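> Quick one, fold the following:
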Amino acid sequence: MSTNKDYARMLKEQGYERKAIAFKLCDDIPAYAAPYGDELSFHCAIAAELWEEGKKPFYVTNANCLCGGALFSGLGNRKVTREEFDGGMELAIGPQRGFATRQVFRRVNQQIPHVFKTHKYQVIGSLEDVEDPDVVMIVADARKVQRLCKAYTWETGELVHGTSGIAWCNSAFPPVLKTKTMTFTMGDEESRILMQLDDGELYCMIHYTLLPMVIKNLDNIQTGPAT
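Model prediction:
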């Protein structure tokens, strides 16, 4: 994992202050990952625990997630009762909530790519502590996220497509897992609050295979007016 330690160091040297978080789907648990336990929480809140000082890699199952984050990140959904489903919908639908109607909520989710292959476990850890992850999340201000996107486009000629209007998990994982590229998102009110983002911060999700190129090109892209 020395390579990932180098990547984490390079990001810090470039001014990315929050630790990059790595996500790894697996059916066999790596020796370095500890069980999350039997606690239930929202997927975004669980991931944000990695920003606590000294937090080591852990693994979750879909049974740990109260929300659809497990489904959208590749773990598949846990079974819920009709009462749980209706309770969740009640919290999501209506004025001062996520969506105007159930029909709107359905329409939104029809626009999200589906992740059909699921796994038993997801390891969540700081980039430097996770071997060969699937996706790396970097949270930073808009300027620094713009530079990550430009570092990708500078070499590939491909634009980075972002999504807004829905939760962090829906807009972050499926596009990256499906296309094996990268995306950025603003998340939603709940994910931003649960992850304690500052007003100017954005999420950037990068497929791990692209991370070396993106980090390398932070030194190659333009900084300030061309001279």
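
> now the strands for this protein?
Here the chain has its strands, by DSSP state E, at 21-26, 34-35, 58-60, 121-126, 135-141, 182-185, 201-207.

> Any chance of those strands in JSON lines with distance to Asn217 and mean pLDDT as columns?
From N, CA and C alone the C-beta is placed, and that goes for glycine too. Putting the strands of the chain into JSON lines (distance: least, Cβ to Cβ, whole Å; pLDDT from 0 to 100) gives the following:
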{"stretch": "strand 21-26", "distance to Asn217": "20", "mean pLDDT": "98"}
{"stretch": "strand 34-35", "distance to Asn217": "35", "mean pLDDT": "96"}
{"stretch": "strand 58-60", "distance to Asn217": "32", "mean pLDDT": "97"}
{"stretch": "strand 121-126", "distance to Asn217": "22", "mean pLDDT": "97"}
{"stretch": "strand 135-141", "distance to Asn217": "14", "mean pLDDT": "98"}
{"stretch": "strand 182-185", "distance to Asn217": "12", "mean pLDDT": "97"}
{"stretch": "strand 201-207", "distance to Asn217": "12", "mean pLDDT": "98"}
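
> would you list these in a markdown table and tack on mean neighbour count and distance to Gln96?
Converted to a markdown table, those look like this (neighbours: other Cβ atoms under 10 Å; distance: least, Cβ to Cβ, whole Å):
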| stretch | mean neighbour count | distance to Gln96 |
| --- | --- | --- |
| strand 21-26 | 22 | 30 |
| strand 34-35 | 12 | 37 |
| strand 58-60 | 21 | 30 |
| strand 121-126 | 24 | 31 |
| strand 135-141 | 23 | 26 |
| strand 182-185 | 23 | 22 |
| strand 201-207 | 23 | 23 |
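
> among those, which is nearest Pro175?
With respect to Pro175, and counting by Cβ to Cβ, the nearest of these is strand 182-185 at 4.6 Å.

> And the closest one, what does it pack against?
Applying 3 or more Cβ pairs under 8 Å, 6 or more residues apart in numbering; DSSP states H and E, one finds that strand 182-185 contacts helix 142-156, helix 168-179, strand 201-207.

> Relative to Gly68, which of the ones you listed is closest?
Comparing these by Cβ to Cβ, helix 168-179 comes nearest, at 6.5 Å.

> mind listing what Gly15 touches?
Lys144 (Cβ atoms under 8 Å, 6 or more residues apart in numbering).

> brain fart, Leu25
Ser73, Gly74, Leu75, His119, Tyr121, Gln122, Asp134.

> rerun at 6 Å
Leu25 makes contact with Gly74, His119, Gln122, Asp134, according to Cβ atoms under 6 Å, 6 or more residues apart in numbering.

> Quick check: which of the strands of the chain is nearest to Leu159?
strand 182-185 (10.6 Å).

> quick one: contacts of the closest one?
Strand 182-185 has contacts (Cβ under 6 Å, 6+ apart) with 145, 152, 160, 162-163, 171-172, 175-176, 202-206.

> 8 Å - rerun?
Against strand 182-185 from outside (Cβ under 8 Å, 6+ apart): 145, 148-149, 152, 160-164, 168, 171-172, 175-176, 202-207, 210, 214.

> cool, and stretch 75-88?
Under Cβ under 8 Å, 6+ apart, the answer for stretch 75-88 is 25, 60-63, 65, 67-68, 70-71, 118-122.

> what does stretch 122-130 give?
Against stretch 122-130 from outside (Cβ under 8 Å, 6+ apart): 1, 4-5, 7-9, 11, 19-26, 29-30, 32-33, 46-47, 50, 55-61, 70, 73-75, 133, 136.
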